[in-house]
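Peer 1: Just need the structure, nothing else, for what follows:
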Amino acid sequence: MNIIEALEDRALFRPLFGPDLSTWSAWIVALKAIFALPMADPELEVFRRHTGRERPPSRQVSEAWIVVGRRGGKSRFAALLAVFAACFRAYSPAPGERLTIPVVAADRKQARTVLGYVNGLLDVPMLSRLVEKRTLESVDLASGVSVEVHTSSYRSIRGYSVPLAVCDELAFWRSEDAADPDVEIVNALRPCMATVPGSLLVSLSSPHRRAGLLWRMHERFYGRESDDVLCWKAGSTAMNSTLDQAVIARAFELDAVAAAAEYGAEFRSDLETFVPREAVEECIVRGRYEVPPTDGTRYSAFVDPSGGSRDSFTLAIAHSENGKAVLDCLRERKPPFSPEAVVEEFSETLKTYRIREVTGDRYAGEWPREQFRKAGIEYVPSAKTKSDLYLAFLPMLNSGRVELLDNKTLTAQLCALERRTSRGGKDSVDHPPGAHDDLANAAAGALVLVSAARCTPGIYFVNVARRPSQDDWVNAKDVF
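Peer 2: Numbers count the residues shown, from 1 in each chain. Predicted coordinates for the structure are as follows:
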């Protein structure tokens, strides 16, 4: 039995896909393309429209990269693939070996959505007898296959034998363990599948910026005749004709560029990577995790406060040396925590560097000022917004005028930053959806502070009647 026959069988999956299977017709063509099943002429037209190719693969592909807009049916499609691979395909594992189908997503909550659909498909009477054990994050089948939820960490999926891997919303994976979690995870998955004949890697995602593995695979394989890799791209309504067109029209009216990505499956043209990873790597001093305070050095500090429920509370300390801004110290406290206790802790750290004034987020309100004042530290709101700090930090980074600590979280957050250009041409910089930049914000703030202190903009006058001393220099801003 092939996957289309299983989908159309009323004793199996047909009742679970609604009264009108024609609303899934585009997904059926995608399945036929993946498994090299025969297509009718109208289906060939659908195939060509969404792949840019002339001919379907002549055999089952080893990788399918599915770029589809929001609410297009990706999760149910992934669940169907997982259940079919677990229940209807024959494998030859070693004695005692259990095969694993990982559903990898940005977080467990997201991956459990697919697992919920998997459990729904397994509840049909013909398949329910195969279920041996269910947990919140896995289901074990008598076929010797388990379906498991995994987060986007390359460390969590090594060592398995994998007949099918599902990568859910890969364009939005973020990790503090790696600057490129999509690349790291897929590179870790491929060897897991190498020893399982007929194994399949399926990545399903709505698109984001023109960067990352999904974009690169789309650029390389969309429109390319290949029997090994299939790239499919389609808007939400092309894959799910039941979507309310009024909702989509309203989204395009509010933000056409965002809606084109969310529903039209178009990679965003207004977003780009803020800083190349190579530039960040060049500025890291390997093996340097913290620089203790030294006498005669003047330090500056920047803090990114948090209330303790969602974001981290971070602190960065830096100084200027030999024409470079040097990052000396990073502190991060992840939620949950007591904000008052963190202020007290960070204040003690500041005092060890002889710092009595810390700059922080201008939008943090009065609370951090009061708390730091109680601890003997003056809190000064930043004159620059977070985006302005990043834009000031970029030329320092690109020119190698900074020394960064060897901190994986900082590296990952800096490399993930996105530059967005508004319709008016103004640039802004922030973290991607679902990600964090608390450590990057504090580090950039501290380094920009010491750079500004090293060379304050202005017009300078000097008394040239004699050899000038330090007191002869007067900043014009103090004159006018």
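
Peer 1: need the helices for the stretch 101-250 of the chain, in chain order.
Peer 2: Assigned by DSSP state H, counting those that start in this stretch, the helices in the stretch 101-250 of the chain fall at 108-122, 125-128, 181-193, 212-221, 236-239, 245-254.

Peer 1: closest one to Arg286 among those helices?
Peer 2: helix 181-193 (19.2 Å; Cβ to Cβ). All C-beta atoms are positioned from the backbone trio N, CA, C, and that covers glycine.

Peer 1: Three-state assignment for Arg419, please.
Peer 2: Following DSSP: H, G, I helix; E, B strand; the rest coil, we place Arg419 in the strand state.

Peer 1: measure the nearest residue to it once chain neighbours are set aside to Asn441 for me?
Peer 2: Spatially, and ignoring its direct neighbours in sequence, Arg419 is nearest to Phe274 (4.6 Å; Cβ to Cβ, 6 or more residues apart in numbering). When distance is defined by Cβ to Cβ, to the nearest Å, Phe274 is 13 Å away from Asn441.

Peer 1: Tell me which of these two has more neighbours.
Peer 2: Per other Cβ atoms under 10 Å, whichever of Phe274 and Asn441 has more neighbours is Asn441, with 28 against 22.

Peer 1: Enumerate every residue touching that one.
Peer 2: Applying Cβ atoms under 8 Å, 6 or more residues apart in numbering, we find Asn441 in contact with Phe302, Asp304, Thr314, Asp361, Lys386, Leu389, Tyr390.

Peer 1: Need the max-distance pair from these.
Peer 2: Checking those with Cβ to Cβ, the most distant pair is Thr314 and Tyr390, at 14.7 Å.

Peer 1: from the contacts of Asn441, which has minimum pLDDT?
Peer 2: Among these, Asp361 carries the lowest pLDDT, at 82.

Peer 1: Make sure that one is actually in contact with Asp311.
Peer 2: No - taking contacts as Cβ atoms under 8 Å, Asp361 lies outside contact range of Asp311: 10.5 Å.

Peer 1: Now do the shared contacts for those two.
Peer 2: Residues touching both Asp361 and Asp311 (Cβ under 8 Å, 6+ apart) are Asp304.

Peer 1: Compare these two (neighbour count), which wins?
Peer 2: Of the pair Asp361 and Asp311, Asp361 is the one with more neighbours under other Cβ under 10 Å, namely 21 against 16.

Peer 1: residues near Thr23, how many?
Peer 2: Neighbours around Thr23, by other Cβ under 10 Å: 16.

Peer 1: between Phe274 and Asn441, what contacts are shared?
Peer 2: Residues touching both Phe274 and Asn441 (Cβ under 8 Å, 6+ apart): Tyr390.

Peer 1: before we move on, back to that, could you redo the helices of the stretch 101-250 of the chain as a markdown table and give each row mean pLDDT?
Peer 2: Converted to a markdown table, the helices of the stretch 101-250 of the chain look like this (pLDDT from 0 to 100):
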| stretch | mean pLDDT |
| --- | --- |
| helix 108-122 | 86 |
| helix 125-128 | 92 |
| helix 181-193 | 91 |
| helix 212-221 | 93 |
| helix 236-239 | 94 |
| helix 245-254 | 89 |
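
Peer 1: ok, Thr314 and Tyr390, which is more surrounded?
Peer 2: Applying other Cβ under 10 Å to Thr314 and Tyr390 shows that Thr314 carries more neighbours, namely 29 against 26.

Peer 1: three-state assignment of that one?
Peer 2: Classification of Thr314 using three-state DSSP returns strand.

Peer 1: Now do the contacts for the closest residue to it other than its chain neighbours.
Peer 2: Leaving aside its sequence neighbours, Thr314 sits nearest to Ala442 (Cβ to Cβ, 6+ apart; 4.1 Å). Residues in contact with Ala442 (Cβ under 8 Å, 6+ apart) are Phe302, Val303, Asp304, Thr314, Leu315, Ala316, Leu330.
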